[in-house]
Every structure is written in structure tokens, then in C-alpha cells.
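**Q** Make a model of this:
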Amino acid sequence: MNIDPNQLEVRNNPEENRFEVILGDAIAIVEYMIAGQNIIFTHTEVPREFEGLGIANRMARFVLDYARDDGYKVQALCPFISAYIRKHPEYQANTWGY
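**A** Residues are numbered from 1 along each chain as shown. This next block holds a predicted model:
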């Protein structure tokens, strides 16, 4: 499959407490909870047929930029987002425990 993850639109769906990328009939998500000025990322999921294409990395970058730009402190309960933060020090100042 030929997908450029940088061209994918990540959108916030606050009614569902998740960020989404629509992939035809499938959807990739990063779920979150808001607690005051904290955003807690709880789960990231990319449909199996789209794994390994960089979609989760694109979404991680987007949601962490969103959190920083909107003044949220980040807590990553999601293992993928947590690992992304550890690999990208530019996001560590805005998080708990990294």
C-alpha cells in the first residue's frame, strides 16, 4: 500500500475522546481523557492492514503538538505514545515522568 503518512489528516473528535485518521473504511485512533489542564493518552490503534506505514508516528507527533500548543500537560498511559516521547526529547518537557 502506498500511503504518505505526512499527507494524512489527523482530526480531533472530542465527542469520542479521540484523534482519528480515516483510511477508507478503516480508522486509526489515539484515545485520550482530559482532566483540567492535563491530557492523558490511553490507547493508540492502527488497523492491521495499515501497520508499519508510519501512521501511528504521524498521529503521535500530531497529538503531542496539539497538547503542547493548547497548553496541556501530557501523561502517556498508552505504551506507543510513551515510547514515542522517550525517543523524541522535544516532547519530554511537557510530560509527566520522562
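
**Q** tell me the contacts of Tyr84?
**A** Residues near Tyr84 by Cβ atoms under 8 Å, 6 or more residues apart in numbering: Asn57, Ala60, Arg61, Leu64, Ala76, Tyr91. Where C-beta positions appear, they are placed from N, C-alpha and C, glycine not excepted.

**Q** mind running it again at 7 Å?
**A** Asn57, Ala60 (Cβ atoms under 7 Å, 6 or more residues apart in numbering).

**Q** Which residue ranges of the protein form strands?
**A** 11-13, 18-23, 26-35, 38-45, 73-76 (DSSP state E).

**Q** And the last one, what's buried?
**A** Yep, that's strand 73-76 we're talking about. Within strand 73-76, the residues scored as buried using 16 or more other Cβ atoms under 10 Å are Val74, Gln75, Ala76.

**Q** Tell me how many other residues crowd the residue lying closest to the last one once chain neighbours are set aside.
**A** Read that as Ala76. Among residues not flanking Ala76 along the chain, Ser82 sits closest, at 4.0 Å (Cβ to Cβ, 6 or more residues apart in numbering). Neighbour count for Ser82, taken as other Cβ atoms under 10 Å: 19.

**Q** do Asp70 as well
**A** By other Cβ under 10 Å, neighbour count at Asp70 equals 10.

**Q** Which pLDDT does the model give it?
**A** You'll see Asp70 listed with a pLDDT of 94.

**Q** now do Gly97
**A** As predicted, Gly97 sits at a pLDDT of 59.

**Q** Repeat that for Gln92.
**A** The model's pLDDT for Gln92 equals 89.

**Q** if I look at it, how far off is Gly36?
**A** In this view, Gln92 and Gly36 are 21 Å apart by Cβ to Cβ, to the nearest Å.

**Q** Kindly list the longest helix within this structure.
**A** Counting residues, the longest helix found in the chain (DSSP state H) is helix 55-69.

**Q** List the contacts of it.
**A** With Cβ under 7 Å, 6+ apart, helix 55-69 has contacts from 5-6, 8, 10, 12, 19, 21, 28, 30, 39, 41, 44, 46, 74, 80-81, 84, 91, 94.
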